[in-house]
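> sequence? don't have it. structure:
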DNA sequence: CGGAACTTACGAAGTTCATCGTAATAGAAC
DNA sequence: GTTCTATTACGATGAACTTCGTAAGTTCCG
């Protein structure tokens, strides 16, 4: 995975990560749920996630997560599977993502 | 310090800390600045902090930080000095506070 | 080519939030 | 007791955010 031949949607690089944007992204409960689900399944599209909001809203949240640097989104036909940027986040904000995931219950 | 004879304003206990409330509290740039300043000076009142907002606004932010469990506020005459709940936050969300503080520049 | 499926951009509605000024409260000092 | 200072509660205002429905753009497949 992480095939370099894949095409990706625009996203900030490691040095461009802003702690304010990341925290604001993770402050929303739906987005934390997305993060938790991606942590479990590895990769998912907006429509494949089981969330209590409409797909267009999930797409909006995924965009915020991507632009803040929390997730990467790959182009695969009409699908846009996203995954966590776990290693990069860990390097930039050690412990942050892990604490949040382990503190986010499945029913939040 | 942390004299048990002191009186404190109401605050959630360790098990009552909600990751959503903490992240929402730390998502605001002014509140992150307060956290950074408290990390430096140890304890401070609303009026003693050098911030680009009015004191009444600082009081509002300090209340949010206190109710989310990020700071403790002690009663000392008319003053209400607050300090970080560093150890408790570290036990509940390991690495979170440190990552945020080190990623929050003095001019944010 | 034509249609179906997936995603997102856009506009709108309702809510939440940051900020301020003012007023009220509580302690300290005289 | 009175006055002064420090803090906070309250109301208002304007911005930002979440959510939705709809429409538009892409890709895949008969």
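That came through fine. Just so it is clear, the structure is predicted and the values come from calculations on it, not from any experiment.
> ok but residue A:100 is inside a helix, no?
Yes. When DSSP: H, G, I helix; E, B strand; the rest coil is applied, residue A:100 is found to be in a helix.
> what sits against it?
A:26, A:32, A:35, B:19, B:23, B:93, B:96 (CB atoms under 8 Å, 6 or more residues apart in numbering or on different chains). Any C-beta I mention is one placed from the backbone N, CA and C, and that applies to glycine too.
> try residue A:98
Residue A:98 touches A:90, B:94, B:95, counting by CB under 8 Å, 6+ apart.
> quick one: it from residue B:97, how far?
14 Å (CB to CB, to the nearest Å).
> ok, residue A:68 next?
Counting by CB to CB, the gap from residue A:68 to residue B:97 is 19 Å.
> so which of these two has more stuff around it?
Higher neighbour count among residue A:68 and residue B:97: residue B:97, with 25 against 21, using other CB atoms under 10 Å in any protein chain shown.
> how about the residues of chain A by chain B?
A:19-20, A:23-24, A:26-27, A:29, A:32, A:92-96, A:98-100, A:103-104, A:108 (CB under 8 Å from any CB of the partner chain).
> list, out of the residues you listed, those positioned next to DNA strand D.
A:24, A:27 (CB under 7 Å from any atom of the strand).
> quick one, which of the residues of chain A next to chain B are buried?
Among these, those scoring as buried are A:19-20, A:23-24, A:26-27, A:32, A:92-93, A:95-96, A:98-100, A:103-104 (criterion: 16 or more other CB atoms under 10 Å in any protein chain shown).
> which members of those are positioned in strands?
Among those, DSSP state E puts none in strands.
> checking residue A:10 next. Helix, strand or coil?
With three-state DSSP as the basis, residue A:10 sits in coil.
> state which strand of chain A is the longest.
strand A:71-75.
> quick one, helices of chain A?
For chain A, the helices defined by DSSP state H occupy A:19-27, A:29-41, A:55-68, A:86-92, A:96-102.
> and the closest residue to residue A:47 other than its chain neighbours, what's its pLDDT?
Closest residue to residue A:47 apart from its sequence neighbours, by CB to CB, 6 or more residues apart in numbering or on different chains: residue A:55 at 5.2 Å. pLDDT for residue A:55: 98.
> which strands and helices sit next to the lowest-mean-pLDDT helix or strand in chain A?
Sorted by mean pLDDT, DSSP states H and E, the helices and strands of chain A end with strand A:7-8, the least confident at a mean of 92. Other helices and strands packing on strand A:7-8, by 3 or more CB pairs under 8 Å, 6 or more residues apart in numbering or on different chains; DSSP states H and E, are strand A:71-75.
> list of residues touching the strand it packs on?
Strand A:71-75 has contacts (CB under 8 Å, 6+ apart) with A:6-9, A:11, A:34-35, A:38, A:43, A:62, A:65-66, A:80-85.
> please report how far residue A:91 lies from chain B.
11 Å (CB to the nearest CB, to the nearest Å).
> just checking, that residue touches residue A:17?
No. If you go by CB atoms under 8 Å, residue A:91 and residue A:17 don't touch, sitting 9.7 Å apart.
> neighbour count winner among these two?
residue A:17 (20 against 11).
> out of everything not next to it in sequence, what's closest to that one?
residue A:69 (4.5 Å).
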